[in-house]
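Asker: What follows is a predicted protein model with its sequence.
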Amino acid sequence: MKQKFYQYIQNLQDTITSKLEAIDGKATFQQDLWKRPEGGGGRTRVIENGAVFEKGGVNISAVHGALPPAMQTYFKVKDCDFFACGLSLVLHPKNPFVPTVHANWRYFEMYDKEGEILDSWFGGGQDLTPYYLFDEDAIHFHRTCKTACDKHDANFYPEYKEKCDSYFWNAHRNEARGVGGLFFDYCKASEAKTMEDWYNFVTEVGDSFLDGYVPIVEKRKDISYTKAHRNWQEIRRGRYVEFNLVHDKGTLFGLKTNGRIESILMSLPPYVQWVYDHHPDKGSEEERLLKVLEHPKNWL
C-alpha cells in the first residue's frame, strides 16, 4: 500500500502543478529534492510572485525511521518505527477575492522492532479560506467535496465536514479559519472498510481537488481590488499563520520528526499584517465574513 499511495501522490503532484502553472501564466514551480538524514525525503515545489499565485507550495514526502520520543508519547506507543507519506499543498493567491486553499492526503504505517505492521491509516482533507465571501464559491467547493464522498459512503460528507469545522477552528480567536471542507484521519481497516476501500476514497478526494478550486480561481482572479482590500487580506492571513503555528498537527509532526523546515513552513504567506485590535466597519463585507466564521455553516 505504501508504494501504491506514494506513486499516486507523485502523479497527483505533477497534475496539480501543471494545471496551476497554466492558470498563473507567468510563474512556474521551483523544485527542490531533499533527503531526511534519518530516512526518506521529498519533492518540494514552490511557486512565487506569479500573476495569480503570490506564493504556494505543492509538496510530497515519504519519510521513515524510528518514531521520535515526542511522537511516541503522542501516539501512546514505545520503541516503534514508522513510515509516512503524503501530499500537502497551500496556495496564497495575490487577488484578495480569490480564496487561499489548503489540502493534504497522507498515509501512515507503524512497525514493531521485527518490522511487522502494528497499525496503518489514511488521513487528509481540503479546506477553503476566503478573504471576501462569495456564497456560491463556498457552495461549489462543498458540493465537490460531497460528490467525491458520496461515491463511497453517504455518511462521509456530513461526518468529515463536521470534523473539518472542528479542526480548523482558531480556539484562541473563537472563530473558524475559513469556510471548511473535509477533514478525516485514522481511516483504518475494519469490518466495513478495507485499506483498499480507504485508498479508493482518499484518491477520489485527491482527484476532485482541482474541480473544487480551479473554477473559483478562474472566476475571481481578474476582479479589480484596492489597497484596502489588500490590507484586509493581509490581516486575515495573520489568522491563517496563527492557526498553522499554534494548532496544526501536520506542522507539529514535521517539526517533531526533524522534517525539512522550508517545506513545513511553505504554508506561510509572504505578506501578513497584525493590526492591534482591528475591527472592520459595521455592515461591511469584511464584517460579514467574520459573522460567518463565528459559527460553522451548512453550505449545502
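Answerer: Structure received. Keep in mind that what you see is a predicted model, and the values were worked out from it rather than measured.
Asker: can we go C-alpha only for contacts and neighbour counts from here?
Answerer: Will do.
Asker: how near is Trp198 to Lys113?
Answerer: Distance of Trp198 to Lys113, given as CA to CA, to the nearest Å: 26 Å.
Asker: swap in Phe209?
Answerer: Phe209 is 38 Å from Lys113, where distance means CA to CA.
Asker: the more surrounded of these two?
Answerer: Phe209 (20 against 10; other CA atoms under 10 Å).
Asker: any idea which element that one lies in?
Answerer: Taking DSSP states H and E as the definition, Phe209 sits inside helix 195-220.
Asker: Can you list the buried residues in that helix?
Answerer: For helix 195-220, a neighbour-count test (16 or more other CA atoms under 10 Å) marks 195, 198-199, 201-206, 208-210, 212-213, 216-217, 220 as buried.
Asker: cool, and stretch 225-243?
Answerer: Within stretch 225-243, the residues scored as buried using 16+ other CA under 10 Å are 229-243.
Asker: all strands for the stretch 151-300 of the chain, in order.
Answerer: 169-170, 175-176, 180-187 (DSSP state E, counting those that start in this stretch).
Asker: Of all the ones you listed, which one is nearest Ala70?
Answerer: Distance to Ala70, taken as CA to CA, is lowest for strand 180-187 among the strands of the stretch 151-300 of the chain, at 18.7 Å.
Asker: Could you say which helix or strand holds the most far-flung residue of the chain relative to its centre?
Answerer: Centroid-distance maximum for the chain: Glu114 at 33.9 Å, with CA atoms, centre = their mean. Using DSSP H and E, Glu114 falls within no helix or strand.
Asker: Please report the distance of it from Asp81.
Answerer: Remark: distance between Glu114 and Asp81 (CA to CA) = 10 Å.
Asker: got the residue ranges for the helices in the stretch 201-300 of the chain?
Answerer: 227-246, 249-256, 261-264, 285-293 (DSSP state H, counting those that start in this stretch).
Asker: nearest to Phe168, of the ones you listed?
Answerer: helix 227-246 (7.7 Å).
Asker: That closest one - contacts with which helices or strands?
Answerer: Packed against helix 227-246, as judged by 3 or more CA pairs under 8 Å, 6 or more residues apart in numbering; DSSP states H and E, are the following elements: strand 169-170.
Asker: Could you list the paired strands of the strand it packs on along with their orientation?
Answerer: strand 175-176 (antiparallel) (DSSP bridges).
Asker: Quick check: mean pLDDT of the strand it pairs with?
Answerer: Average pLDDT, strand 175-176: 97.
Asker: Distance from it to the middle of the chain?
Answerer: Distance of strand 175-176 from the chain centroid (CA atoms, centre = their mean, to the nearest Å) equals 16 Å.
Asker: Show residues contacting that strand.
Answerer: By CA atoms under 8 Å, 6 or more residues apart in numbering, the surrounding residues in contact with strand 175-176 are 165, 168-170, 290, 293-296.
Asker: switch the cut-off to 6 Å
Answerer: Contacts to strand 175-176, defined as CA atoms under 6 Å, 6 or more residues apart in numbering, come from residues 169-170, 293-294.
Asker: before we move on, what about stretch 149-165?
Answerer: Outside stretch 149-165, the residues within contact range by CA under 6 Å, 6+ apart are 146, 180-184.
Asker: Measure how far that stretch is from the centre of its chain, please.
Answerer: 16 Å.
Asker: next one: stretch 198-209
Answerer: That offset, for stretch 198-209, works out to 14 Å (CA atoms, centre = their mean).
Asker: Also stretch 114-133?
Answerer: The answer for stretch 114-133 is 8 Å, by CA atoms, centre = their mean.
Asker: Dump the C-alpha coordinates for that stretch into PDB.
Answerer: The C-alpha coordinates for stretch 114-133 follow below in PDB (Å, rounded to 0.1, in the frame of the first residue of the first chain):
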ATOM      1  CA  GLU A 114      10.700  -7.000  13.900                       C
ATOM      2  CA  GLY A 115       9.200  -4.900  11.100                       C
ATOM      3  CA  GLU A 116       5.700  -6.100  11.400                       C
ATOM      4  CA  ILE A 117       2.900  -3.500  10.800                       C
ATOM      5  CA  LEU A 118       1.300  -2.600  14.100                       C
ATOM      6  CA  ASP A 119      -1.100   0.000  12.600                       C
ATOM      7  CA  SER A 120      -1.800   1.800   9.400                       C
ATOM      8  CA  TRP A 121      -4.200   4.500   8.400                       C
ATOM      9  CA  PHE A 122      -5.100   7.200   5.800                       C
ATOM     10  CA  GLY A 123      -5.900  10.800   6.600                       C
ATOM     11  CA  GLY A 124      -6.400  14.100   4.700                       C
ATOM     12  CA  GLY A 125      -8.800  16.700   3.600                       C
ATOM     13  CA  GLN A 126      -9.100  20.100   2.000                       C
ATOM     14  CA  ASP A 127     -10.400  23.500   3.100                       C
ATOM     15  CA  LEU A 128     -11.100  26.900   1.700                       C
ATOM     16  CA  THR A 129     -10.200  30.300   3.300                       C
ATOM     17  CA  PRO A 130     -11.800  33.300   1.600                       C
ATOM     18  CA  TYR A 131     -11.000  36.900   2.400                       C
ATOM     19  CA  TYR A 132     -14.200  38.100   0.700                       C
ATOM     20  CA  LEU A 133     -17.100  35.700   0.900                       C
END
